[in-house]
Each structure stands twice: as structure tokens, then as C-alpha cells.
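*Asks:* need a structure here:
(one chain, ligands or ions: 2)
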Amino acid sequence: MLIFRKPVEGVERPQMPADVVIVGGGPAGMACALRLAQLIDAHNSAHPDSQLSKENIYVLEKAREIGQHCLSGALLDPRSIRELLPDFEKDAPLDAKVTKEAVYFLTEKSKFKLPITPPFLRDHGNYIISLNKFVKWLGAKVEATGITVFTGFAGSELLFDGDRVVGVQTDDKGVDKEGHRKSNFEPGYDLRAKVVILAEGPRGSLTKQLIQKFDLAKNANPQTYGVGVKELWEVPSGRIAAGEVIYTLGWPLTTHEYGGAWIYGSPGSSSKDNVVSLGYVTGLDYADPRLDPQRVLQDFKQHPFVAKLLEGGKMIRYGAKSMPYGGWWAIPPVAGNGWMILGDSAGFLNSARLKGIHLAIKSGMLAAETAFEALIKNDSSAATLSAFQRKVESSWIKEELWKVRNLHQGFEHGMYAGMFHTALQMITGGRGLRNRYPAKAGYEHMRKLSDLPADGGAEAHLLGPAKGDGKLTFDKLTDLYHSGTKHEEDQPSHLVIHDTNICNTKCVKEFGSPCQNFCPANVYEMVEDATQPNGKRISLNPSNCVHCKTCDIADPYQIITWVPPEGGGGPNYDGM
Ligand SMILES: Cc1cc2nc3c(=O)[nH]c(=O)nc-3n(C[C@H](O)[C@H](O)[C@H](O)COP(=O)(O)OP(=O)(O)OC[C@H]3O[C@@H](n4cnc5c(N)ncnc54)[C@H](O)[C@@H]3O)c2cc1C
Ligand code: SF4
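*Replies:* Ligands and ions are numbered 1, 2, ... in the order given. Coordinates of the predicted model:
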């Protein structure tokens, strides 16, 4: 029987008072912590008689090391990091400055270069980075200020007092597969905080609790997502220059699916212009449940243009992560009684530019300014923290996202309609046919097998698992090996399925168990079981999980909840 992870009941938990707890040490959380430290230091030197302490400010990060769970493309728009650290170029790990960009439309065998690069994909002035290295660097700066970063600690529950968030409970450690305490059991802490800041990245698990509890999304469009599947390659020198950026649209996706690919060139450790970051982002609003985003990347690499670039090279890393696509209208309120939400958790991502790092950093800075005001006033009620909402709305975050507020919704009826709407929106400052285009949640687009051609029709080449030739293309398990993923095996499943009967009786028949396809890490399997009405039963390999959150997002019955596993477990995205 499957046992799912939940806080152990009936234990006394250590209580720890805190001023500010930031959940998530990605670019948003780290920028928030660093800005808060800067403001406190400035205050303390100006006011020797009323000192503020940084001792009770904590960042919780579920990865064993800072940056280990951070995966991105990544191109950095330096606007916000320049505001945070004006001389960041001196010591930040920047792989290359963008020198050249191009956008191609691919068919199965050919490529067409767009005569002009659309303005939102012009990247001169941006940097190619590894987000993993960048966040490590930022995290070291946070630790140097005296703020404690607890690595290997996940925020697993929010603590409430009526309608107020009053803290965060961290994960219980040392619980076995059956949910029993092991000899090394350690209960999670109750961090009782004046201000709780959620910076968990896309589909944050505490953010989801908060949004559901207070019905925060009731006036927003449903958030929509894409999943990016990425590989890092070492290729023979000279294939792509460090600083060269290529975007592609089209093949292997058809005009019915939303998505596209990136290819970025980096110098690599030996400065030989030989590291290639490439990946394919598939919108999680496709119709055919047999589609497999990991396979989409494998198909993409077989395009002659890409295959030639990678020929003779070696894949060195793999990973996957979701990203919020919904834009401005999908952002819930971002501040309330005792809480604020930042970065991808709030949905601050510009999907037209495939960029969110700069927005995550800026939102972290604005939240830090608000938290600082709350500490000075000793008041973290909604009245004080709602200043964050106003700061976002009067900042360049809104200015940037407002121009693309309807972009993704314009593609809900396919690529041609999407291109028409995009053109119109560009002329009308983002408006298009109306100020606010509606949206449906991505999983609502998934169709039952009975409504789809048995042979897959135009999508046939995208369906089912990739076999892999072991050189250019890989099956999921081979790819997964390169993600460095590790978890404590003896723990309850952190993929919580609220009703496994639905998997075994309805989903297998109606949708053919799409979890087996959309999970990029082979976590979900339907195994033979003669006692089940359809002869199959759901089985899980939670230790394979790369924390991409796709299952929580794309499951058509919405019965999967991703909760953090025991802190420290997960991928090792070194260099990603
Ligand atoms: C494939 C892909 C390509 C992208 N390319 C680009 C690009 O080229 N340029 C760009 O600007 N943006 C890009 N983005 C978007 C960008 O990566 C994000 O917008 C950005 O990382 C968001 O930062 P964040 O701090 O909000 O979240 P994250 O970077 O996701 O960081 C969240 C952190 O919180 C931790 N965490 C989560 N939950 C908990 C918890 N409960 N307890 C403790 N810790 C927790 C995670 O381990 C992680 O370290 C890309 C995204 C993807 C997926
Ligand atoms: S189990 Fe869910 S979160 Fe984990 S890798 Fe698979 S789809 Fe992603």
C-alpha cells in the first residue's frame, strides 16, 4: 500500500521565534534576504540607538546545498541585479555576454530564419549564466551578512492564527516508508515569524496551501505552465560561440501545442566555447495525454540543424522544471496578514521573453523593503505588508508584464491564432482584442483517448517514451541519471495521490495514465495487477523525482499534490 508524506502527529515540536522567514533560496529568496540585510545595515549605521538584528532572519532551502535545485536556461537580464549589487560584474559567475541571436522556425527537416528577431527576443546586453552557480554566489553573499540559510530544510506547513500566517513548520526527518519514526527521527521546527515570505519557485507547495486556504486566485486567471526539459552538452570547440543565442519554434511540436526551444553557447571550464545549454519548453496545455515532454526534447535533437551542432559531443547534465506562463492576469494578491509571495511562486515571469530571473530578483527586493518597514513599525499586518502589492504595481515589474498580459492566452486556440493575437497585441501595447483575455487551466485542455485518433494523427511522432540511441538521444532513465537526483529511499511518498482508485479505474481507461508520460523522471508507473478492474495499478518511484512539479500541474483529475520530501533530497543541478 502507498503511504503518503504528512507531518507526524502527536510530537512536540521545537519552537523558534523569528523576525522573517523566507521559504526558498532561489534568486527571489536570496535577493530578498540580501536587500533586507542591506537595509538593516544602513539603518543600524544611521541609528546607533535603535539597532535591528539580522540574527532572526532565516532562509529555508530544501536542497542540501544552495543552488542545487536551481535550473534555468539561462539568460540573465541584468536590470535588477544591477540595482541590488551595482558592481555585480566584478565577481558574479557570468559565462558570456550575448553577442549574437537568431530565431528559427523548424519543420521536420528544414529551418527558416526569421528575417528580424522579435523585439522581446533581442538579448544584447544580457548574460548567459548557470542559475545554479549564480544562486550559489548570491547565497554566499547572503551568508556573509549574518543571515542564516538553513539548507536541507523544507517548509512543509504554514502555521496560521485565524486569518494570519504566523510561521512555517519545517520537514520531519527520519520517518520510514510506512510513516513510522525511525531511530534518527527529528521533528520539524515551528518557526514562529512576524513575516513569512514565500519564494518557492513555480507551483510552490506552501503557496498552494495559502492560495487555497484564502481562495486568493478567485479573481485571477488560472495559472498556466510550461515544463522545460534541459540538457547540458560538451561539444567539439567552434560549433557555437560563447554568447550565441538561438531560439526555435515549430518542430517537433505541431501548430496545436505551445512551446519552443533554446540553444545557448558558453565557454565551459576550459574556455573552449564548447558547452551548449539546450532545452525544449512544452506548454502544459496540450490535448494528447500520450505526449511526453522529455521525448519532445529527444525529437528536437534529431533535427538536422541540432544534430549537427551536437555531433561528436557528450551530454553531461539533465533536468526539468516548470515555469508559470499565465502572466499578469494570473497573479494572485501577493501580500496579506503576515505573508508575501515572490518570484515564480507569484507568477512573475515574462513568457514572451522566457525570462523570470530579473523579475524574481526585483520582487525579492521590493518584498525586502516592505519587510524592513514592517520590522521598523513592529507591524506585519495586511495593512503594512500590502505596501508590497503597491510597490509591484508601480514598479517596472508591472510595466514589463503589462505589455504581454494577454500573450499566452492568445495561443489557447493554436499557433496561427496565437501569432495573429501576438501581432495585434504588439501594436496595441498588449491589449489585442480586449484588455483581459480569459484562460483555462492547462489540464482542462487534455482530451480523453476516445476523442483522439488511435494512431496519434499529426502528433504521432511526439507520443510515447523516447527509446534513445545512447549518443544523441536518451531514454528517461539515462537522462535522469545525469540529473544527480538522490533521496532518502526509506520515507513516505512525497507525491500525494488523494485517490489512487481514480488512477486504477478511471484515468487508466480515459486518459491512458498520462503521469507516465508527462513526468520527466519515470516516477509514475502502471504495473500489472490482476486484482484491479483494468489489470493495472499505480506504482511510484518517488526517489527519482526532480521536483519539476509537472504532475501537480498537469494531472487531469487534479488529485496529485507535490509536497517536499525529507530536506536535502532532490536533483543536483550543478552547472544548470
Ligand atoms: C527551463 C527553464 C528555462 C528558463 N530560462 C530562463 C532564462 O533564460 N532567463 C530567465 O530570466 N529566466 C528563465 N527561466 C525562469 C527562471 O528560472 C525563474 O523565473 C526563476 O528561477 C524564478 O526564481 P525563484 O526564486 O522565484 O524560483 P526558483 O528559481 O524556482 O527557486 C526556488 C527555490 O526554492 C526552493 N524551495 C521550493 N519550495 C521550497 C520549500 N517548500 N521549502 C524550502 N525550499 C523550497 C527550491 O529548492 C529553489 O531553490 C527559465 C525557467 C525554466 C524552468
Ligand atoms: S514526480 Fe512530479 S515533480 Fe517529480 S519529477 Fe515527476 S512530474 Fe516532476
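
*Asks:* contacts, neighbours, all on C-alpha from now
*Replies:* Fine.

*Asks:* Could you find the closest non-adjacent residue to residue 435?
*Replies:* In this structure, residue 435 finds its nearest non-sequential neighbour in residue 406, 8.0 Å apart by CA to CA, 6 or more residues apart in numbering.

*Asks:* What is the burial count for that neighbour?
*Replies:* 27 (other CA atoms under 10 Å).

*Asks:* is it true that it touches residue 327?
*Replies:* Yes. Counting by CA atoms under 8 Å, residue 406 does reach residue 327; the two are 7.4 Å apart.

*Asks:* What are the contacting residues of stretch 482-497?
*Replies:* Stretch 482-497 is contacted by residues 2-5, 174-179, 316-319, 540, 542-546, 559-566, 568-573 when judged by CA atoms under 8 Å, 6 or more residues apart in numbering.

*Asks:* Now for residue 261: which residues touch it?
*Replies:* Here residue 261 is in contact with 247, 248, 249, 278, 279, 280, 281 (CA under 8 Å, 6+ apart).

*Asks:* By neighbours, which of the residues you listed wins?
*Replies:* Sorting these by how many neighbours each has (other CA under 10 Å) puts residue 280 first, at 31 neighbours.

*Asks:* Can you classify that one by secondary structure?
*Replies:* Of the three states, residue 280 takes strand under DSSP: H, G, I helix; E, B strand; the rest coil.

*Asks:* Next one: the closest residue to it other than its chain neighbours, what pLDDT does it get?
*Replies:* Nearest residue to residue 280, sequence neighbours excluded (CA to CA, 6+ apart): residue 261, at 4.2 Å. pLDDT recorded at residue 261 is 97.

*Asks:* can you confirm residue 261 is in a helix?
*Replies:* No. Secondary structure of residue 261 (three-state DSSP): strand, not part of a helix.

*Asks:* still on that earlier bit, of the contacts of residue 261, the lowest pLDDT goes to which?
*Replies:* Minimum pLDDT across the contacts of residue 261 falls on residue 249, with 94.

*Asks:* So what does that one have for phi and psi?
*Replies:* In terms of degrees, to the nearest 10, the main-chain angles of residue 249 are phi -120, psi 160.

*Asks:* For it, list each beta-bridge partner.
*Replies:* Residue 249 forms beta bridges with residue 105, as assigned by DSSP bridges.

*Asks:* My guess is it contacts residue 260. True?
*Replies:* Yes. Counting by CA under 8 Å, residue 249 does reach residue 260; the two are 4.7 Å apart.

*Asks:* Please identify the helix or strand for the residue nearest to residue 435.
*Replies:* Using DSSP states H and E, residue 406 falls within no helix or strand.

*Asks:* What of residue 33?
*Replies:* Using DSSP H and E, residue 33 falls within helix 27-46.

*Asks:* Run through who's touching that helix.
*Replies:* Against helix 27-46 from outside (CA under 8 Å, 6+ apart): 22-23, 50-54, 59, 84, 135, 138-139, 141-142, 145, 147, 198-200, 342-343, 357, 360-369, 371-372.

*Asks:* Weed out the non-buried ones from the residues you listed.
*Replies:* If you count burial by 16 or more other CA atoms under 10 Å, the buried members of those come out as 22-23, 52, 54, 59, 84, 135, 138-139, 141-142, 145, 147, 198-200, 342-343, 357, 360-369, 371-372.

*Asks:* sorry, back to before: restricted to helices, list the contacts of helix 27-46.
*Replies:* Counted as lying in helices by DSSP state H, out of the contacts of helix 27-46, are 84, 135, 138-139, 141-142, 343, 357, 360-369, 371-372.

*Asks:* If we check ligand 1, which of those residues are in contact?
*Replies:* Restricting those to those near ligand 1 by CA under 6 Å from any ligand atom leaves 343, 357, 360.

*Asks:* The last one: what's its closest spatial neighbour, skipping adjacent residues?
*Replies:* Beyond its immediate neighbours in the sequence, the residue positioned closest to residue 360 (CA to CA, 6+ apart) is residue 343, lying 3.9 Å away.

*Asks:* wait, doesn't that neighbour sit right on residue 203?
*Replies:* No. Assessed by CA under 8 Å, residue 343 is found out of contact with residue 203, at 10.9 Å.

*Asks:* Residue 344 reaches residue 356, doesn't it?
*Replies:* Yes. Using CA under 8 Å, residue 344 is in contact with residue 356, at 7.2 Å.

*Asks:* These two: which is more packed in?
*Replies:* Each of residue 344 and residue 356 had its neighbours counted (other CA under 10 Å), and the higher figure belongs to residue 344 (28 against 25).

*Asks:* Let me see the contact set for the more buried one.
*Replies:* The neighbourhood of residue 344, defined by CA under 8 Å, 6+ apart, consists of 199, 200, 201, 202, 203, 323, 324, 356, 360.

*Asks:* Check the burial of the closest residue to residue 256 other than its chain neighbours by counting its neighbours.
*Replies:* Leaving aside its chain neighbours, residue 256 sits nearest to residue 414 (4.6 Å; criterion: CA to CA, 6+ apart). Applying other CA under 10 Å, we find 15 residues neighbouring residue 414.

*Asks:* Help me confirm that residue 414 comes into contact with residue 257.
*Replies:* Yes. Under the criterion of CA under 8 Å, residue 414 is in contact with residue 257, at a separation of 6.4 Å.

*Asks:* tell me the contacts of residue 561?
*Replies:* For residue 561, the contact set (CA under 8 Å, 6+ apart) comprises 495, 496, 497, 498, 551, 552.

*Asks:* list the buried ones in the lowest-mean-pLDDT helix or strand in the chain?
*Replies:* Within the chain, confidence by mean pLDDT, DSSP states H and E is lowest for helix 415-427 among all helices and strands, at a mean of 89. Going by neighbour count (16+ other CA under 10 Å), the buried part of helix 415-427 is 415, 418, 421, 422, 425.

*Asks:* other SSEs contacting the following helix or strand past it?
*Replies:* Counting by DSSP H and E, the next helix or strand C-terminal to helix 415-427 is helix 476-481. Judged by 3 or more CA pairs under 8 Å, 6 or more residues apart in numbering; DSSP states H and E, helix 476-481 is in contact with strand 314-324.
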